[in-house]
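Asker: what would the 3D arrangement of this be:
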Amino acid sequence: MEKYQVIAIERQFGSGGRQIGSLLAEKLGFKFYEEEILSMAAERLEETVEYLELLEETVTNNFLENVARVADFSEDETLADKLFNAESEIINELALKENFVIMGHCAGQIIANPESCLSVFIYANEDARIRRATKEYGIHENEAHGILKRNDKIRSDFFNTRTDKKWSSMESYDICLNSEILGINGCVEVIASLVAPDIK
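Answerer: Residues are numbered from 1 along each chain as shown. Reported below is the predicted structural model:
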């Protein structure tokens, strides 16, 4: 029996966190969730995924800037809160019935039973992340620094606003892994050894 049922991964943009999460889920035989949580929340709120994508990972302080295409500010600010609450409910409902790896959504902080969750942060230095962003995401090298900074800020603002922890602090997680040093497979092996020590 696994020690943890949920592995919640936060990651710097370009660190390979999503690939690590996907490979980890495959190795452990766990479900893998990322965009699927938003789709489930959209169905629950009777909104379209495209519309809710405007609200995903936004915070009140930057609301007008981040969702400038949305017409009614006060109405959609409330919807942003409803979206986060719906996603939190869905994550906790899933945690009662299955093992899974989940990317983002502050999952490690909103799980009702924290003993069942291993929270992980994946990071790497900027040069390594720029190389990954240009090679795997097709981002031009001249634009990579700005894109890394912008995406990390979105994730950080969302996490810092929705939880009482700091996104970039090692104290916010059970384990922090440098994917440049360990490699993608190395990170997978380290996490898997904590969750299921007997797995090969």
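Asker: quick one: contacts for the spatially most central residue of the chain?
Answerer: Nearest residue to the geometric centre of the chain (CA atoms, centre = their mean): G104, 1.3 Å. Residues counted as contacts of G104 (CB atoms under 8 Å, 6 or more residues apart in numbering) are I9, E10, R11, E34, E57, R155. In this view, the C-beta of every residue, glycine as well, is placed from N, C-alpha and C.
Asker: same question for V190.
Answerer: Contacts for V190 (CB under 8 Å, 6+ apart) come out as I175, L177, L182.
Asker: which SS state does S193 fall under?
Answerer: Following DSSP: H, G, I helix; E, B strand; the rest coil, the label given to S193 is helix.
Asker: go on, F13?
Answerer: For F13, the assignment made with three-state DSSP gives coil.
Asker: contacts only, for it.
Answerer: Residues counted as contacts of F13 (CB under 8 Å, 6+ apart) are R129, A133, I147, L148, N151, D152, R155.
Asker: go ahead and build a ChimeraX selection from the buried members of these.
Answerer: This is the ChimeraX syntax for the buried subset of those, where burial follows 16 or more other CB atoms under 10 Å:
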select :129,133,147,148,152,155
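Asker: how about the contacts of F13 in TSV, adding pLDDT and distance to G186?
Answerer: Listed next are the contacts of F13 as TSV, based on pLDDT from 0 to 100; distance: CB to CB, whole Å:
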residue	pLDDT	distance to G186
R129	95	17
A133	91	20
I147	93	26
L148	94	22
N151	92	24
D152	95	22
R155	92	23
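Asker: now, the most widely separated pair of the contacts of F13?
Answerer: The distance between the two most remote of the contacts of F13 (CB to CB) is 14.7 Å, for A133 and R155.
Asker: picking up where we left off before, relative to A80, which of the contacts of G104 is nearest.
Answerer: Nearest to A80 among the contacts of G104: E57, at 9.7 Å, using CB to CB.
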